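Colleague: Sharing a model that was predicted from the sequence below.
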2 protein chains.
Amino acid sequence: MHVIVVYDVPAERTHIYRKLLRRRLQHLQYSVFFGELTEGQVTQMKNEIEEELESDDSIVVFESSNPASFDHTTFGASDEPGSRFT
Amino acid sequence: MHVIVVYDVPAERTHIYRKLLRRRLQHLQYSVFFGELTEGQVTQMKNEIEEELESDDSIVVFESSNPASFDHTTFGASDEPGSRFT
């Protein structure tokens, strides 16, 4: 299934989620990851997120089980994500 | 259809997209918007994005035309989005 994960966490904790999410997904933007995963991989990823979660963290996982009905459009720069933020 | 919009733009331009996207979508996280729109509304929103677009901006629009196959899970804080960034 298609998966999008976005995080909003304190700056000193971004590296934890970046590492966790990069294992399975493509780094699309600063705090946005995107990819194609199996249901098992999604479950495992969610477990890993829960293990890392602290009170100030916010993560949202979007899932689309029907790739045929899912589409995305990119506007503008597609250079190295987060380059402006590092 | 379900729509997710994420932006990665220079800080001084975030207010432009925040205003544009808040007209139709819910502000889920710092740079992430989410909602249910008609195809016409999506087209109109994309036109508006293109009108505002400058060379450093990056915006991704995800669309799922089958709400039944779409789901999202939120982990952690769900307080006012972007509160940590302002």
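Modeller: Nice, thanks for sending it over. Numbering: from 1, shown residues only, chains lettered A, B, ... in the order given.

Colleague: report the longest helix in chain A, please.
Modeller: Ordering each helix of chain A by length in residues (DSSP state H) puts helix A:39-52 first.

Colleague: where does the residue lying farthest from the centre of chain A land in three-state SS?
Modeller: In chain A, counting by CA atoms, centre = their mean, residue A:68 sits farthest out from the average C-alpha position, at 20.6 Å. Classification of residue A:68 by DSSP: H, G, I helix; E, B strand; the rest coil places it in helix.

Colleague: From chain B, how far off is it?
Modeller: Distance from residue A:68 to chain B, counting by CB to the nearest CB, to the nearest Å: 8 Å. All C-beta spots, glycine's among them, are computed from the backbone N, C-alpha and C.

Colleague: and residue A:59, bridged to which residues?
Modeller: For residue A:59, the beta-bridge partners under DSSP bridges are residue A:7, residue B:75.

Colleague: For residue B:49, see how far away it is.
Modeller: Note on residue A:59: its distance to residue B:49, by CB to CB, to the nearest Å, is 25 Å.

Colleague: ok, the two, which is more surrounded?
Modeller: Comparing residue A:59 with residue B:49 by neighbour count (other CB atoms under 10 Å in any protein chain shown), the higher total belongs to residue A:59, at 24 against 21.

Colleague: ok, that one - contacts?
Modeller: Residue A:59 is in contact with A:5, A:6, A:7, A:8, A:9, A:17, A:49, A:53, B:74, B:75, B:76, counting by CB atoms under 8 Å, 6 or more residues apart in numbering or on different chains.

Colleague: my guess is the first one meets residue A:61, correct?
Modeller: Yes: taking contacts as CB atoms under 8 Å, residue A:5 lies within contact range of residue A:61: 5.2 Å.

Colleague: anything in contact with each of those two?
Modeller: Joint contacts of residue A:5 and residue A:61 (CB under 8 Å, 6+ apart) are residue A:45.

Colleague: who's more crowded, these two?
Modeller: For the pair residue A:5 and residue A:61, the greater number of neighbours falls to residue A:5 (27 against 20), based on other CB under 10 Å.

Colleague: Off-centre distance for the longest helix of chain A?
Modeller: 12 Å (CA atoms, centre = their mean, to the nearest Å).

Colleague: Check stretch A:19-34 too.
Modeller: Centroid displacement of stretch A:19-34 relative to its chain, using CA atoms, centre = their mean, is 4 Å.

Colleague: Dump the C-alpha coordinates for it into PDB.
Modeller: Extracted in PDB, the C-alpha atoms of stretch A:19-34 (Å, rounded to 0.1, in the frame of the first residue of the first chain):
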ATOM      1  CA  LYS A  19      16.600   7.300  10.500                       C
ATOM      2  CA  LEU A  20      13.600   5.100  11.300                       C
ATOM      3  CA  LEU A  21      11.600   6.300   8.300                       C
ATOM      4  CA  ARG A  22      14.400   6.300   5.800                       C
ATOM      5  CA  ARG A  23      14.800   2.500   6.300                       C
ATOM      6  CA  ARG A  24      11.500   2.000   4.400                       C
ATOM      7  CA  LEU A  25      10.400   5.200   2.700                       C
ATOM      8  CA  GLN A  26      11.700   7.900   0.400                       C
ATOM      9  CA  HIS A  27      12.500  11.300   1.900                       C
ATOM     10  CA  LEU A  28      10.200  13.600   0.000                       C
ATOM     11  CA  GLN A  29      10.400  16.800   1.900                       C
ATOM     12  CA  TYR A  30      11.800  18.100   5.200                       C
ATOM     13  CA  SER A  31       9.400  16.100   7.400                       C
ATOM     14  CA  VAL A  32       7.600  14.000   4.800                       C
ATOM     15  CA  PHE A  33       8.200  10.400   3.800                       C
ATOM     16  CA  PHE A  34       6.500   8.500   1.100                       C
END
